[in-house]
Each structure stands twice: as C-alpha cells, then as structure tokens.
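*Asks:* any chance you can model this:
(chains A and B)
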Amino acid sequence: MQNRVLVLFAHPLFEKSRIHKSLVNHIPEGITFHDLYQEYPEFNIDIEKEKELLLNHDIIIWEHPIYWYSCPALLKQWIDVVLEAGWAYGPKGNALESKLVMQVLSTGGARTTYQPDGYHQFTLQEFLTPFNRTTTLCKMIYLPPFVGHGSHRMGDEELLALGQDYAFLLDHFQRNKLDVEEIQKYEYLNDWLTENGIA
Amino acid sequence: MSSDFLPQALVYLSAAVICVPIAKKIGMSSVLGYLISGIIIGPFVLGFIGQEGEGIMHVAEFGVVMMLFLIGLELEPEAFWEMRKAIAGFGFSQMIGTTVLLFGLFMLLGWEWTMSVSIGLALTMSSTAIVLQTLKEKGLSKSQAGEASFSVLLFQDIAVIPILAVLPLLATTDVTPDAAHSSILGELPAWLQTVIVIGAVASIYAVGTYLVVPLLRLIAKTGLREMFTASSLLLVVAVAFLMEMVGLSPALGTFVAGVVLANSEFRHELESDIEPFKGLLLGLFFMGVGASINFQLLAESPGQIATIVCTVIFVKFAVLFAIGKTFKLKNDQNFMFALGLSQVGEFAFVLLSFTGQLNIIDQEWLGKLTAVTAISMMTTPLLLLLNEKVISRFFGTKEIPDKRPADEIDEQHQVIIAGFGHFGSTIGRLLRANGIEATILDNNSDQVELLRRMGFKVYYGDATRIDLLKSAGIENAKLLIAAIDSPEINNELIKTVTKHYGHVKVLARARNRFDAYELMEMGVTNIYRETLYTSVHLAIDALQELGFRKYTATRQGQKFISYDEKALERLAGSRGDMKEYAINARREIEIQEKLLQNDLLLDFSAEDHSWDSNFVKETLMGKK
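*Replies:* Residues are numbered from 1 along each chain as shown, chains lettered A, B, ... in the order given. All right, here's what the predicted structure looks like:
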C-alpha cells in the first residue's frame, strides 16, 4: 500500500441518506472508516484517540453532507477540539504536516446552482474556504472535493455510478503515489477522474 | 373469652394508643411508650389492671417468639451460617464475662454461692424484645452494632436451655420444678437429650423445607387470605409448642423455622401476616412489664434497688463495651451495642421464677430482682436517647480540628452532600474532580473514617438534625445535595432545610416517580430520578444493538427524558388528593397505565425533520 487512507464520516441521519449509503457501501478494503456520529453520539470526542488515528494515516477524508454551506455540527466539533494549537498548527504544531486532506460531499442542489450566476451565487470551492484554510494552517495539503450534487434527484443508477467512482478513487489513492499538483488543477476530483479516463 | 375481655382490651388498647404516639412525638422509642402506659394502667397508678398482668405477660411473651420468627425470615440460611463466629464470639464472651463479674460481686456481699450463680446467670440475659425492636425502629439492624447485638441475643436464647437444665443441680432442696419449665427430656441422660435437641432442630429444617412450603402452596391456591394468615399463625404456634415439649426455647425454634422459610417464595406473605400480631403482642408484653413493677417494694427500699439496678447495668455495659473494643467496633457503634444490651431481659423473669421455685432465692429477693429487671428494661430507651443526644456527638465531629474563626469561614464549603453511599459518592467524586470540595454528612461510621482519610470534610450523624446541619455550615451553603438512601429521611432533611434555610438550593435524589411526586409537592424543582437516566441509557444501547444508529437512539433517549419529565409534572398536578400513604399498588398501576397510554400517542419522529433530505425535498419541491 502506498497510502493509508482514513475516512472520517459525519452524518447525523445516515439511515435516511441514499447517497451516503451508496458511497459508504463502496468503500474498499484496507480503508479505515470512522463513523463519528456512531462513535460520539453525545459529542464527547476522544481527542487522544482521534489524534492517534490521524497520525496513523496519510490521506484524511471528511465525508459528509453539506448543511447550510458547511459541515454537520459534530464534524465542526471534531475540527474544534482535535486540531489543537501546538499539535496541529502553530510554531510547534507539525503533527499533520504534508498529509493529504479532502472532502467527500453531497449537496441537494445541482452543480449549476453553485455558480456566480447560479442560485447560490458562489462556487462550492468558495464555500469550502474555511476547510481549505483550516487544513492549510495545519500544514496539510488540501485536495479538491469529490461531490455528489443534486442528491434529491438522483436515481438508483446514478447513485450506483457515484459509488463506483468513489470506490475507484479510494482504491487509486491507496495504491498510487499521487501527483498532487496535477490533481489540484481540477475543481472537483470527479472531473479529474473523468478527464483522465480513470473512471 | 371471659366477660371482662372487652373492658381489658379497652384499657390496654387505649393506653397504647394514647401513650405510644406521645412517646414517639417527643422523640422516645415506642418501647418506652408501652412501658409507661403499662405503669399507668398498672396496680400502682390507675389500677385498671391488677395481678392478672402476669397472666397477660405469658400470652405476650409469644410476641417475642413471633419476633424471632420474623427475624429468621429476614435471615437466609447462608447469612445465618456466616454469623456463627460472631454468635459464638460476642455471645460467649458476654455470657461468661458478665456472669463471672456479677458472681464475684454477689459473693462479696456474702450471698450463698448457689444464689450468686443463678442470679448472675439470670441478670446476664438481655432483652431480645427491647433491643431488636429499638434497633429496627432506628434502622440500625444491619449496622455493626445491630449484628453484634443480635449475635449476643441469639447466643443467650440458646444458652437458656442448658441453664434451665443446670439450675436444679444448684437447688438445696428436693423440690421439683413445676411442669411449665420441665420437659419430657428431664429424666433422660444428657447425651440422649443432646441428640433429641439436635433432632428437633433438624426436624424443623426438614419439615419446613419438604412439608410446610408445599402445604403453603396448596393453601395459597385456595385464595382465601385468612386461611393463609391462619396457617402462618399455626406454623409459629406449632413450632413453639414442639420446642417447649422437648424443652428448647420456643423463640429459638421459631427462629430456625424462620431461617428455613427465608428462601421460600412465601417469605413476604408470612412476614406481612405475622407482623401485626407480633407488634401487638410485643406491645402487650412491654405493658405487662410496666404493670408488673412492684412500686411497693420500690418504696420500701428505693436505695437498695436503685443501687442494684445501677450496678447491674454498669457491669453489663462495661463487659459489653470491652467486648466491642476487642472486636474492634467503632466507638459510636460500641456505645450503641453496649448501652443497648445493658438491661436485664425477659428471660430473667423465667430464670428468676424458676430459681424461686427451686428455693435458691427467697420470695423477697425474687420480688426485688423482678423489679430490678423491669426497671432496667425501662432504662434502655432512656440510655439510648442519652447516647443519641449527648454521647454520639463526641464521635465523628470531634475529629475535625478546631480552626481559628477566620479559617473557618474559608473552610466553609458551598456544597453539602447528605448521604455518601453509591449515589452521593459519585456526585462528590465528580465535584471534587472539578475542584469543588463538598461537606459530607453520613451516618455510616466506617464510611466516615475512610472519607476522612481521603481528605473529605465529613460530619458523622443524622443529617436531619439541625445542629449537625449548622456545624456543617448550612447557613453559608449554596447547594444542598440530598442523596440519602432512605426517601423518608431524605424528605425530612429537605423539609427541615427548606423551612429553616430557604436560601439553600436543594438538588434531590428520588428513587422513582412516586418519590418525585412527593418532592414536587414539597416545592423541590431539581429532582433526579435514579430510575430514569440509567434506564434511558440502557434503552439507548438496546436500540443500538437492534440496529438503530447510535446518535438517533441517543436523541430519542434525550427526547424521552424531557417528555417523561413533562409527563411527571402533568401527572403530579392531576394527582390531586393523593396523600402520603394513598399511593397504593392499584393507584400505582393506574398511573403506569396512563403513562403507557400517552406513550402510544407519542411519535417523536413526527415533530423532528432535522437532516431528513426527503422531508426537505418534499417541502421545497412540493412532492408528496
């Protein structure tokens, strides 16, 4: 294995999410899947355990739905308490240095609505600025997100296709050394997959 | 039933009904109340009852027998077996120590040695009735002092048998004792007597296990409540009769029968059937003791009798206290133990009258010593009262070093925790982990010593006492955490505090919703039900085991708690005229039923669409 991949999954109502069921079901062998809402239903995050997990992986993935242009509350809590000063950031905070980090997201609205002239008026990348900045401050390398847009309208086949792409992406991440600069040219990882004909 | 049954019953019952509540009201035990009512209706005050008091005593002694049956019922065979060392240790040393000392004293007075021995033995006995009744009333049966006292009493019960057998050997005359105290075993050789005694006890065990329980099952099936009561009584009477036949103490026999039946499913029925009879007969017994005090003899030689009473009590106390020390009882427990058993008991009446028949002592001494016995029984409740109000204050609190006044204010804690068992200690630990030191009130001396070593500020004693609360700093406290095991005591504490120290915020422990109702009626708003949070926690885990997401289950649990707390308030409002003891089983079921019905109408998910993308979709896009 080239990279050890950690999926930090945050969904408060996973049992009713078609899109994330498809995504999670496609996570291949060898990936560490960490279900935050299952682990910390009372929001009492075990900071030491979370740090240990981070240290033991090379690529960190936050998988979650987009709620109000941001992440679910528990993931925000996780960011607040785990990424400590002097550990994750600051003069001596080098624990996460040069780890890769990315988000796997679902949104209700279609990709076209996340445009300057679209319904939401900003791109998704722009909305994700806080995550980008947070991870950069932690000396990590922020990769473009992998997104499932328009979850409300997605049919079973599309869900399956998205899941398969996700499976392929994770598998690829595990096995190969990534050309980070190349990847960062894309807006979404979905695009990178399509254009390189990998998927 | 003779024609004077009704007036007699009227006299006894009204004396009891008037005196006992008054005694309780002014803080004395019910035993003292009965004794005083006995004196009042006795031949020397009102004279409602005369010499027939003694006849009544015989009937009433049966109350003691019943009490031992009930004690046996509460003691399972394994527990009894574990006590064997305590019975032998405490009991044997008390018996030998006290008898030898009294014997020495009497010899110094120049009495005959036979008289000294037999009176020494008689006065060594303590009163099972008084001691156990008092311990139970004070809730101390399970304390160290309680168990030690019980061991001594049980040993005495057993010892009465050989003593009755030995006394005739001391007799100078050839008078045979009357039939009441002889037995069919009298003429048999000693070894055979032993065999028969052991056989009798074994037969109680066998019959109890293989005959009585199946029989009770049959009777229970008839569904006739009074038949069950009748069989309970029959059981006790039959065992007592059998024991008297073979010359054993009926109390001991019924005790064994109780132990045998402690494991059966009828334990609670038997208890509740016998309990009222026991209570009444014991009351009658105490009244009989009160009535039998011969005030004429007292008036003739008050000094002599007073001296004997004091000496005997002192000797008994000293021996018991030394034993308690040897067995490492804590001082407070030891005082309770030694003072509690310091009286001369009802067995002395039996032994004294027996020695009288044997002509070992003359009639005058018999009268005097009987009076001594009765008077000593009266002193116990008073001595225990003295112990509670005066002596016990020196324990527990005295180890707190005296601080200069200035320090004392710094030392005052804002939080007082009353009751430091499993419930309270968890609270104390969490507070302490957060740098909050609490002042702790507890009445378990072992616990208190441990906590002191751990650096807790602990006050020992009854938390409902205002002076204890004061020295614990209630006047400057912010919070009172009422976490005492017994809801009654907890409520009493809260009543006292809210009445006198209104500024203190009370956080109260409740076992269940019924405790909570009472607390709400007392105006407490912070109520913590033991049976709510833990059960909900378990249910959350159960839901998770069944496939629910942990977070969803947790939210359901949290919602359930707030729903249940609201339901509690609603039901408390509709509880209306339900008074203290009106919450009977039927009412409890009614409330359960109402709760369950309301639950059926309840759909947590309907009022909550958080994160539900289908709901969002339907709402935003108008799809149904």
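*Asks:* show me what residue of the stretch 201-350 of chain B gets nearest to chain A.
*Replies:* Nearest to chain A, among the residues of the stretch 201-350 of chain B, is B:H268, at 40.6 Å (CB to the nearest CB). C-beta: built from backbone N, CA, C; applies to glycine.
*Asks:* so which residues on the stretch 501-624 of chain B come close to chain A?
*Replies:* Within the stretch 501-624 of chain B, the residues that sit near chain A (CB under 8 Å from any CB of the partner chain) are B:540, B:548-555, B:610-614, B:616-617, B:620-621.
*Asks:* and whichever residue of the stretch 351-500 of chain B sits closest to chain A, how many residues sit next to it?
*Replies:* The nearest approach of the stretch 351-500 of chain B to chain A comes at B:L430, 14.4 Å away (CB to the nearest CB). Neighbour count for B:L430, taken as other CB atoms under 10 Å in any protein chain shown: 10.
*Asks:* now swap in A:F131 and tell me
*Replies:* Here the number of neighbours of A:F131 (other CB under 10 Å) works out to 19.
*Asks:* that one contacts A:W62, correct?
*Replies:* Yes: counting by CB atoms under 8 Å, A:F131 does reach A:W62; the two are 7.4 Å apart.
*Asks:* any residues in contact with both of the two?
*Replies:* In the contact map built from CB atoms under 8 Å, 6 or more residues apart in numbering or on different chains, the residues linked to both A:F131 and A:W62 are A:71, A:103.
*Asks:* so which residues of chain B form strands?
*Replies:* With DSSP state E, the ranges of strands along chain B come out as B:415-418, B:438-442, B:457-460, B:479-482, B:505-510, B:526-529.
*Asks:* pull the contacting residues for B:K325.
*Replies:* Under the criterion of CB under 8 Å, 6+ apart, the contact list for B:K325 reads B:N334.
*Asks:* near chain A, which residues of chain B?
*Replies:* Chain B has residues B:540, B:548-555, B:610-614, B:616-617, B:620-621 near chain A, with proximity defined as CB under 8 Å from any CB.
*Asks:* any idea how far B:G38 lies from chain A?
*Replies:* Taken as CB to the nearest CB, to the nearest Å, the spacing of B:G38 relative to chain A amounts to 63 Å.
*Asks:* distance of the closest residue to that residue other than its chain neighbours relative to B:I130?
*Replies:* In this structure, B:G38 finds its nearest non-sequential neighbour in B:G290, 2.2 Å apart by CB to CB, 6 or more residues apart in numbering or on different chains. When distances are taken as CB to CB, to the nearest Å, B:G290 and B:I130 turn out to be 12 Å apart.
*Asks:* same question for B:R529.
*Replies:* B:R529 sits 39 Å away from B:I130, taking CB to CB as the criterion.
*Asks:* these two - which one has more neighbours?
*Replies:* Ranked by neighbour count (other CB under 10 Å), B:R529 and B:I130 place B:I130 first, with 29 against 22.
*Asks:* surely that one is in contact with B:S30?
*Replies:* No: under the criterion of CB under 8 Å, B:I130 makes no contact with B:S30, lying 10.5 Å away.
*Asks:* which ones are touching the residue nearest to B:G38?
*Replies:* Remark: with contacts taken as CB under 8 Å, 6+ apart, B:G290 is in contact with B:34-40, B:42, B:374, B:378.
*Asks:* what is the nearest of those to chain A?
*Replies:* Proximity of these to chain A was ranked by CB to the nearest CB; the top entry is B:Y34 with 56.9 Å.
*Asks:* just give the nearest non-adjacent residue to that closest one, would you?
*Replies:* B:Y34 sits nearest to B:F286 (CB to CB, 6+ apart), 3.5 Å away.
*Asks:* what do you get for A:Y186?
*Replies:* The shortest distance from A:Y186 to any residue that is not its chain neighbour, by CB to CB, 6+ apart, is 4.3 Å, and that residue is A:W192.
*Asks:* so how far is A:L169 from that neighbour?
*Replies:* 9 Å.
*Asks:* quick one, which of these two is more surrounded?
*Replies:* A:L169 (23 against 20).
*Asks:* would it be right to say that the more buried one lies in a helix?
*Replies:* Yes: judged by DSSP: H, G, I helix; E, B strand; the rest coil, A:L169 forms part of a helix.
*Asks:* surely it is in contact with A:T194?
*Replies:* No: under the criterion of CB under 8 Å, A:L169 lies out of contact with A:T194, with a separation of 11.4 Å.
*Asks:* spell out which parts of chain A neighbour chain B.
*Replies:* Listed as neighbours of chain B in chain A under the rule CB under 8 Å from any CB: A:11-17, A:37-39, A:41-42, A:65, A:67, A:72, A:74, A:108, A:151-152.
*Asks:* repeat that with 7 Å
*Replies:* Chain A has residues A:12-17, A:37-38, A:41-42, A:108, A:151-152 near chain B, with proximity defined as CB under 7 Å from any CB of the partner chain.
*Asks:* neighbour-wise, which of the residues you listed leads?
*Replies:* Counting neighbours by other CB under 10 Å, the top entry in the residues of chain A next to chain B is A:S151, with 25 neighbours.
*Asks:* phi and psi next, for that one.
*Replies:* Comment: the main-chain dihedrals of A:S151 come out as phi -60, psi -30, following degrees, to the nearest 10.
*Asks:* now do it against A:L124, distance only.
*Replies:* On the measure of CB to CB, A:S151 and A:L124 end up 13 Å apart.
*Asks:* got the phi/psi numbers for residue 44?
*Replies:* Let's take chain A. Main-chain dihedrals, A:N44, degrees, to the nearest 10: phi -100, psi 80.
*Asks:* what of A:G155?
*Replies:* Dihedral pair for A:G155: phi -90, psi 170, per degrees, to the nearest 10.
*Asks:* mind listing what A:S22 touches?
*Replies:* Contact analysis of A:S22 by CB atoms under 7 Å, 6 or more residues apart in numbering or on different chains lists A:159-160, A:162-163.
*Asks:* go again using 10 Å as the cut-off
*Replies:* Contacts here follow CB atoms under 10 Å, 6 or more residues apart in numbering or on different chains; on that basis A:S22 touches A:106, A:148, A:154, A:156, A:158-164, A:166.
*Asks:* measure it to chain B for me?
*Replies:* If you go by CB to the nearest CB, the gap between A:S22 and chain B works out to 13 Å.
*Asks:* element containing that residue, please.
*Replies:* A:S22 belongs to helix A:18-25 when elements are defined using DSSP states H and E.
*Asks:* circling back to that earlier point, if any of the residues of chain B next to chain A are buried, put those into a ChimeraX selection.
*Replies:* Selection of buried members from these for ChimeraX, criterion 16 or more other CB atoms under 10 Å in any protein chain shown:
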select /B:540,548,549,550,551,552,553,554,555,611,612,613
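*Asks:* just the residues of chain B next to chain A: which are in helices?
*Replies:* Judged by DSSP state H, the subset of these located in helices is B:540, B:550-555, B:613-614, B:616-617, B:620-621.
*Asks:* got those as CSV, with pLDDT columns?
*Replies:* Rendered in CSV, the data for these read as follows (pLDDT from 0 to 100):
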residue, pLDDT
B:I540, 93
B:K550, 91
B:Y551, 90
B:T552, 87
B:A553, 89
B:T554, 91
B:R555, 87
B:S613, 75
B:N614, 76
B:V616, 76
B:K617, 75
B:L620, 75
B:M621, 72
